[in-house]
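[1] Everything below, folded, please.
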Amino acid sequence: MYSTAIDRYTDAKKAAMNTYYMESMDDHIKRVKDKQRLDKRSRKKEAKAKKEKKAS
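    Alright, predicted model coming up:
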C-alpha cells in the first residue's frame, strides 16, 4: 500500500513541469514514508508485547 503510493507520487513528480507541484509531491512522498515508518514501529512494538505476554 505504501510502496504503491510512493511510486505513484514519484511518477506524478516526474511528469510535472510546475516547480510548486513537484515540491508538493515531495511533501506527499515524505508524509507517506513517515507513516510507513510509524506503522513499522508499532507492529514491532505489538509483536514484542505479545512475545513478553506469552513468556509470562
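[2] now Asp34: how far from Lys51?
    Distance, Asp34 to Lys51, using CB to CB, to the nearest Å: 26 Å. Where C-beta positions appear, they are placed from N, C-alpha and C, glycine not excepted.
[3] ok, now Asp7?
    Counting by CB to CB, the gap from Asp7 to Lys51 is 33 Å.
[4] Same question for Ile6.
    Ile6 is 30 Å from Lys51, by CB to CB.
[5] out of these two, which sits in the busier spot?
    Neighbours of Ile6 and Lys51, each counted by other CB atoms under 10 Å, are more numerous for Ile6; the result is 16 against 9.
[6] Could you verify my assumption that that one touches Asp34?
    No. Assessed by CB atoms under 8 Å, Ile6 is found out of contact with Asp34, at 11.4 Å.
[7] Identify, by residue count, the longest helix of this structure.
    When the chain is parsed with DSSP state H, its longest helix is helix 19-55.
[8] quick one: buried residues of it?
    Residues of helix 19-55 classed as buried: 25, 28-29, 32 (neighbour count, 16 or more other CB atoms under 10 Å).
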